[in-house]
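Chemist: One predicted model, sequence on top.
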Amino acid sequence: MSDIASLLQASLQPASRKQAEQQLHALASQQGFLAHLLTLILNGSYDRSTRLAGGIYLKNVAKLRWEEDDEPLPEADKAALRTQLVPAMIALSDPTDKAIRAQIAESVALIAELDFPAKWTDLIDQLILSLSKTDYSINVGVLQTAHSIFNQWRAQVRSDELFTEINFVLSRFMQPFLDLSNQTATMLLSSPAPPNIAIVTQAQIILVDIFYDFTCQDLPPGIEDAHDSFFAPQTGLFQRFMSWDPAELRSDPDETQPSLPAQLKTKIFEIGELYIKLFPDQLSRSPAVEGFVQSVWELIGSNKLPGVADDSLVSQSLRFISTAIRSGYYKSLFSSRDTIASLVQGVIIPNIGLRDHEMEQFEDEPLEFIRLDLAFGGSASEVATRRQAAADVLQALVSSGYQTEATEIVGSWITSGLQQYNSNPAQNWKAKDSAIYLLTAVATEASTTQHGVTSTNALVDVVKFFSEHVYQDLRASAGSIHEILYVDAIRFLLTFRNQLTRDQLLSVLPLLVRHLNADHYVTYTYAAITIDRILFIKKGTQLLFSQADIHDLAADLFNALLSKIEAAGPPEKVAENDHLMKCAMRIIVTARQTLTPVYQQVLQRLVNILGVIAKNPSNPNFDQYIFESISALLRFVVSGTPSTLPTFEQALFGPFTFILQQDIDQYIPYVFQILAQMLEAHNTGVPSEYRSLLPFLLTPTCWQQKGSIPGLVKLLKAFLARDAAEMIKTGQIAAVLAVVQQRLIPSKINDGWGFELLQGVVQHVPPAQLKQYFKAVVMTLLTRMQTSKTDKYVYLFSHFLLFTMAVNVDGLGPDYVISAVEEIQPQLWSQILVNFIVPQVPKMPHKDRKVAAVGLIRMLTQSTIMITPPSAQSWPPAFVSVIKLYSEPQYLAKSKDEEQNTGITEIDFEEQTAGYQAAYSRLAAADGAPVDPVAYVRDLQDFLGQALVKADPRVKGLLAAGDEKVVQPFVQALVASGYAIR
């Protein structure tokens, strides 16, 4: 334990980081580690960077290992830490410890999410007892911790469990919260101001945050009773703070960070917005909204707050106005033409133009400019800048019944801006930029981040505006207009791509290719984003553009994109622009087999880029897209021309070996998936290069990283399908089963992967060779069922047994499974069948129902044990479960859409839950079409009918004894269909 400080220091150095983290990981499971770590964090004699690293490591332990199955933290250590964390927060109250305290607060929140209130019943009492009447440094720490716990309620779905927790907190924390709110506000609003006004204001800001936490799901009685003290027009605390601007807290005009009063007002407007959405009746008790609207005019009307520091306040004020307009409750406030004209002139126009700091960002921080610009994708909650907030007010007017007035009033501003530009294009480019932005806002009725504008204002002709004012900029030669106008033209195309026809879009693609070669970062990046989104447009479930559409452009597109990526220089710069890599991926997915003539050059460039970024992995999105690109290229080229597979293997084995040897953990999950994809492309046999890898794949260290497990399972299943005989000869089947029994099945996180690997074993290892292991495997499954059963595990266990009985493997009949269970304990099978399998059958998801039906039918008609007393008693309820499956035949056959909808059409990072995750990074392109393990059964009804016809006579006797109301009508229908069951 004495090494903890030096290991934390070593973890800060790139050269020693990996080894230090591994040693810390091993130490964390030892008794007393957490206490030692917390003591170090609190010990001021250690270097601050070491203490902060300790705080971050403690947070990561709370985040990643608190409920670890494989190497669990000692329960005594966890209990001790829960008692020590709040006192630790108090000890870190000094402002100089703010960064370290933030890590401890987050640790409290992470542990509370898992343990509160069940295992941490005194947490709230600890916080309340720590509040001080006088020491606001302590109060800030306590409130920050409380907010970090309560803040999680904002994103949660309403449930009994959630409200039990909220009510538990409110019953203890509400009164201290109200008392401290009143005390703190009184101190701030009194004269003279308190000497510690800054720290008291920080506390007030967090109190307002907690007010939001308490009301984000429902209106607590304590806050409802105190409504007027917060919202009353002249006397409420929120209204009084709107005009509060103490000289002591005013910031320099050039300051970019919001002042404390601005932060407080921003939070209050957030609460006003929340109340309009959730509690409009409560607000209508007094003219509170009218008061807030008046405050907006007084605060920001006519551009009273031009500074960058006030951006958040201005944006949130405008969001409040948008929400009030959209709610429909305040039509009297906004319905008059004069009011709309005033809104446009006083609030929208001053905030719609590009500002100097945004132009600096455009030049100096282009990726941040793009991130903010793209953030406004169709939801008011995505507003990130002033101009977006101003545009959202305009869209609120258009979509809330004021379309005619808003369009007409804004139209005159748009016309004026265009005239101003035309009078002097070089000087007045900003006027055109604002005009295009206004037109985009007023024309948009509904939009989404994924699909751009989905519904337009009928009073605006978007295509005509594009033809007359935008297209000319799209095709303008380099340097002939201001760079922003190129970006505006490309963004207009991106925004309104759904309003243009397929032919119109095809005609502009060559122009976008030209912009990919532009010198300016934002211009070529926007071109890449727009090409990607255009190629992703769907009509119904079908992509609008096919390989033929971009065949002629694909080579130029690739060259432009990869040249920009390659020219970036050091690894972190190469990987920073994931938009370019995503566009390259989209081209591969669209062009498919048409890339075969140039695939070697494309592959080699992708491998070279991978070699550069592997030196310093820094952007998970870029990583996802480059591996997805390699995987998609492999998939399409090899499927069309199988002889190309060795070229892929020669190009990829070298870099993949380097990644595995260097233990680049971000990339290893991808490597395993692509290795599996390549091995699956070998129809027979396994090349020696793969075989030599197998011993390494079966070592325990390979399975320690959770993110690697799905890819490893996929890879081992590929080995089993092609090389089971060799694996049996070398004893590697035992090693595979050891992984399943020791690492996967005992884990609540990875048990599903354990069952998937077991399915591969029972499908491909001959039952005679599997026999020696099978009983032990079943014992492992039953032990887990007994020690830590979950609903998910019961389903997986039941599905595996049915799967094993369903697959068509010589020697692997139902009695192979049943006899193994009966050897463990006589009559155990009947208990499993009746208590687990039969209740699970109706819950089976669509994709598993055919397997369940085939497994049950084979068990009922082919098992000798099942028709022999006493097991025969469980036969009737099992047959009834089959009948229930047949009563919903639509769930037994896959639709054509489902069969065609393999992973490739879903490659879209924002749309899928796959993509980069801390635990697992799935490659959609590596997922082939799902394989039906019971494909030998074509017609389920015929399979059942024939099975009953051929069954032992005792089966027919059990049928006759079945429930007259359920079984007999079903049997009669089969007989009527021509099956001679009787």
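Modeler: It's in.

Chemist: and residue 322, what helix or strand is that in?
Modeler: According to DSSP states H and E, residue 322 maps onto helix 311-327.

Chemist: Identify each buried residue in whichever helix or strand comes after that helix, please.
Modeler: Later in the chain than helix 311-327, the nearest helix or strand by DSSP H and E is helix 331-334. Neighbour counts using 16 or more other CB atoms under 10 Å place residue 334 of helix 331-334 among the buried residues. The C-beta positions use only the backbone N, C-alpha and C, and glycine is treated the same way.

Chemist: What helices and strands are in contact with helix 331-334?
Modeler: Applying 3 or more CB pairs under 8 Å, 6 or more residues apart in numbering; DSSP states H and E, one finds that helix 331-334 contacts helix 288-300, helix 311-327, helix 337-343.

Chemist: residue ranges with poor pLDDT in the stretch 501-650 of the chain?
Modeler: Along the stretch 501-650 of the chain, no part satisfies pLDDT under 70.

Chemist: show me where it has helices.
Modeler: Using DSSP state H, counting those that start in this stretch, the helices found in the stretch 501-650 of the chain span residues 502-516, 521-535, 547-550, 554-566, 571-574, 578-591, 599-613, 620-640, 645-661.

Chemist: cool, and the stretch 101-250 of the chain?
Modeler: Using DSSP H, counting those that start in this stretch, the helices of the stretch 101-250 of the chain run over 123-130, 136-150, 160-189, 197-215, 221-225, 227-231, 237-242.

Chemist: In TSV, list those along with distance to residue 551 and mean pLDDT.
Modeler: As requested, the helices of the stretch 101-250 of the chain are exported to TSV (distance: least, CB to CB, whole Å; pLDDT from 0 to 100):
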stretch	distance to residue 551	mean pLDDT
helix 123-130	63	94
helix 136-150	54	92
helix 160-189	53	96
helix 197-215	54	97
helix 221-225	63	96
helix 227-231	63	94
helix 237-242	61	94
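
Chemist: any idea how far residue 279 is from residue 153?
Modeler: Separation of residue 279 from residue 153 (CB to CB, to the nearest Å) stands at 16 Å.

Chemist: one step back: who wins for proximity to residue 929 among the helices of the stretch 501-650 of the chain?
Modeler: Closest approach to residue 929 among those (CB to CB): helix 620-640, 10.8 Å.

Chemist: that older thread, return the most buried member of the helices of the stretch 101-250 of the chain.
Modeler: helix 136-150 (a mean of 23; mean count of other CB atoms under 10 Å).

Chemist: I'd like to know which elements that one is packed against.
Modeler: helix 75-91, helix 98-115, helix 123-130, helix 160-189, helix 197-215.

Chemist: Can you tell me which of the ones you listed is nearest to residue 869?
Modeler: Evaluated with CB to CB, the helices and strands packed on helix 136-150 place helix 160-189 nearest to residue 869, the distance being 45.2 Å.

Chemist: chain center to the closest one: distance?
Modeler: Relative to its chain's centre, helix 160-189 lies at 32 Å (CA atoms, centre = their mean, to the nearest Å).

Chemist: now the angle from it to helix 123-130?
Modeler: 10 degrees (axes from the mean of the first three to the mean of the last three CA atoms, to 10 degrees).

Chemist: now helix 160-189 against helix 136-150, angle please.
Modeler: 150 degrees.

Chemist: Tell me which other helices or strands helix 160-189 touches.
Modeler: helix 123-130, helix 136-150, helix 197-215, helix 221-225, helix 237-242.

Chemist: would you turn the ones you listed into CSV with distance to residue 12?
Modeler: Listed next are the helices and strands packed on helix 160-189 as CSV, based on distance: least, CB to CB, whole Å:
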stretch, distance to residue 12
helix 123-130, 31
helix 136-150, 25
helix 197-215, 29
helix 221-225, 45
helix 237-242, 42
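
Chemist: Which of those helices sits closest to residue 585?
Modeler: Residue 585 lies closest, by CB to CB, to one member of those: helix 136-150, at 37.2 Å.

Chemist: now could you export just the CA positions of that closest one as PDB?
Modeler: What follows is helix 136-150, C-alpha atoms only, in PDB (Å, rounded to 0.1, in the frame of the first residue of the first chain):
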ATOM      1  CA  TYR A 136     -20.300  28.700   3.400                       C
ATOM      2  CA  SER A 137     -17.100  27.000   2.200                       C
ATOM      3  CA  ILE A 138     -18.400  23.900   3.900                       C
ATOM      4  CA  ASN A 139     -22.000  24.500   2.600                       C
ATOM      5  CA  VAL A 140     -20.700  24.700  -1.000                       C
ATOM      6  CA  GLY A 141     -19.100  21.300  -0.600                       C
ATOM      7  CA  VAL A 142     -22.100  19.700   1.000                       C
ATOM      8  CA  LEU A 143     -24.600  21.200  -1.600                       C
ATOM      9  CA  GLN A 144     -22.300  20.200  -4.500                       C
ATOM     10  CA  THR A 145     -22.300  16.600  -3.200                       C
ATOM     11  CA  ALA A 146     -26.100  16.600  -2.700                       C
ATOM     12  CA  HIS A 147     -26.700  18.100  -6.200                       C
ATOM     13  CA  SER A 148     -24.400  15.400  -7.700                       C
ATOM     14  CA  ILE A 149     -26.700  12.800  -6.200                       C
ATOM     15  CA  PHE A 150     -30.000  14.500  -7.000                       C
END
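
Chemist: Any idea how far that helix is from the middle of the chain?
Modeler: 28 Å.

Chemist: next one: stretch 697-709
Modeler: 24 Å.

Chemist: Quote the end-to-end distance of that stretch.
Modeler: End-to-end distance of stretch 697-709 (CA to CA, to the nearest Å): 10 Å.

Chemist: which non-adjacent residue is nearest residue 99?
Modeler: Closest residue to residue 99 in three dimensions, ignoring its sequence neighbours and counting by CB to CB, 6 or more residues apart in numbering: residue 52, at 5.8 Å.

Chemist: and if you look at residue 617?
Modeler: Leaving aside its sequence neighbours, residue 617 sits nearest to residue 666 (CB to CB, 6+ apart; 4.6 Å).

Chemist: pretty sure that neighbour is touching residue 616, no?
Modeler: No - using CB atoms under 8 Å, residue 666 makes no contact with residue 616, being 10.6 Å away.

Chemist: ok, the two, which is more surrounded?
Modeler: Neighbour tally, residue 666 and residue 616, criterion other CB atoms under 10 Å: the higher count belongs to residue 666, 18 against 13.

Chemist: ok, residue 488 to residue 375 distance?
Modeler: For residue 488, the distance to residue 375 equals 17 Å [CB to CB].

Chemist: Residue 795 now?
Modeler: Residue 795 is 40 Å from residue 375, by CB to CB.

Chemist: ok so, going back, point out the most buried one among the helices and strands packed on helix 331-334.
Modeler: Buried most deeply of these, by mean count of other CB under 10 Å, is helix 311-327, with a mean of 24.

Chemist: before we move on, back to that, which strands and helices sit next to the helix holding residue 322?
Modeler: Applying 3+ CB pairs under 8 Å, 6+ apart, we find helix 311-327 packed against helix 260-278, helix 288-300, helix 331-334, helix 386-399.
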